[in-house]
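Participant: give me a model of this one.
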Amino acid sequence: MMTTAAPATTPSGARIWLTAARIRTLPASVAPVLVGTALAGFLHVFHPLRFFAALVGAMFIQVGTNLSNDYSDARRGADAEDRLGPVRVTAGGLVPPRRVLLATYISFGVAVLAGIYLIAVAGWQLLLVGAASILAGVLYTGGPRPYGYEGLGELFVFLFFGIVAVAGSFFVQVKHLDWEAFALAVPVGLLAASILVVNNLRDIETDRRAGKRTLAVRLGRSRTRSLFAAMVYISYLLAPVTWLFGPLTAWVMLPWLTLPIAAGIARQVRNRMDGASLNQALAQAGMLQLAFCTLLSAGLLLSR
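Facilitator: Next up is the predicted model:
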């Protein structure tokens, strides 16, 4: 669902598929799995194989989603030549559409295999989680009414890269759900969704011409910038909730070490509108989420 800075030259060979899969976006799927697993670690529960399967499942659902979006956007003519983002392999003619579609099926297939193992060891409920996640990935830009074209992309990213991913990763380990999993999932999901906000801010003009009514198109530049800042700063304000009202300790404040970085990204998004600057801010927002979640995970383990 999210993109990062374009490569300097047109990729070839294996780099074409790395570009299509948008490997640089994978921290958004890794980060919530770390947090959910670390919360289970706070309870002195850790199953390495389940963690690995959850990580593989999350990453390949995202890769499949990225490939599906590449294919669907090209079919709808949404990827114009003047877009500011990275090369899109289907619209750019780098890979035939059928091969992109096949790679989509293979990616989701790997995620399904990981999910089958998790269902076997943790419960049938994960079947619903996995099916909903794959369906959300496909329908982002696919299907008769893609929700990504109606301004709902950020909401679904918040839900699936935040609430579902953190709570699901926790459930995989302990086979039950605690309120702390949902409390921690909110800032994680807000940061994930903020990445898409920057992506759509960058593409606001080309999306408008293509008929994509993203949230940025609906809100306009000024309010979209304000939304990004609000989502980022609220994430930091919510980080200590499980300490103030729950069993965790002040170690969950560790993500606040990244607050100066977050403030710098927010300033860049507010003050710059050129494609290069927003591509840079987009990449930085992705790394911010990973750093935030890594430190939050460390804080959870140190709270034991």
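Participant: residues in contact with residue 238?
Facilitator: Residues in contact with residue 238 (Cβ atoms under 8 Å, 6 or more residues apart in numbering) are 183, 186, 187, 190. Every residue, glycine included, has its C-beta placed from N, CA and C.
Participant: okay, and which of those map to helices?
Facilitator: 183, 186, 187, 190 (DSSP state H).
Participant: export those residues to CSV and append columns for distance to residue 148.
Facilitator: CSV is the format used below for the ones in helices among the contacts of residue 238 (distance: Cβ to Cβ, whole Å):
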residue, distance to residue 148
183, 28
186, 22
187, 23
190, 18
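Participant: rewinding a little: and the contacts of residue 238, which is closest to residue 92?
Facilitator: Closest approach to residue 92 among the contacts of residue 238 (Cβ to Cβ): residue 190, at 32.4 Å.
Participant: tell me how many other residues crowd the closest one.
Facilitator: 24 (other Cβ atoms under 10 Å).
Participant: 29 is where my numbering starts, stick with that
Facilitator: All right, first residue 29 from here; so that's residue 218.
Participant: for residue 187, give me its contacts.
Facilitator: 164, 217.
Participant: can you report phi and psi for it?
Facilitator: phi -70, psi -50 (degrees, to the nearest 10).
Participant: any idea how far residue 213 is from it?
Facilitator: 9 Å (Cβ to Cβ, to the nearest Å).
Participant: just residue 147 next, same as before
Facilitator: Plainly put, residue 147 is 21 Å away from residue 213 if you go by Cβ to Cβ.
Participant: quick one, which of those two is more surrounded?
Facilitator: Set side by side, residue 147 and residue 213 show more neighbours around residue 213, with 27 against 18, by other Cβ under 10 Å.
Participant: from residue 89, how far off is the more buried one?
Facilitator: 17 Å.
Participant: next one: residue 137
Facilitator: Counting by Cβ to Cβ - residue 137 and residue 89 are separated by 11 Å.
Participant: repeat that for residue 228.
Facilitator: For residue 228, the distance to residue 89 - Cβ to Cβ - is 21 Å.
Participant: go on, residue 227?
Facilitator: With Cβ to Cβ as the criterion, residue 227 and residue 89 are 18 Å apart.
Participant: equivalent analysis for residue 208, please.
Facilitator: Residue 208 is 24 Å from residue 89, by Cβ to Cβ.
Participant: could you do residue 319 as well?
Facilitator: Residue 319 is 22 Å from residue 89, by Cβ to Cβ.
Participant: who has more neighbours, the two?
Facilitator: Remark: of residue 319 and residue 89, residue 89 carries more neighbours, 25 against 18, as counted by other Cβ under 10 Å.
Participant: list the helices and strands the one helix or strand the more buried one maps to packs on?
Facilitator: Assigned by DSSP states H and E, residue 89 belongs to helix 76-104. Under the contact definition 3 or more Cβ pairs under 8 Å, 6 or more residues apart in numbering; DSSP states H and E, helix 76-104 sits against helix 42-49, helix 55-70, helix 125-150, helix 153-167, helix 192-202.
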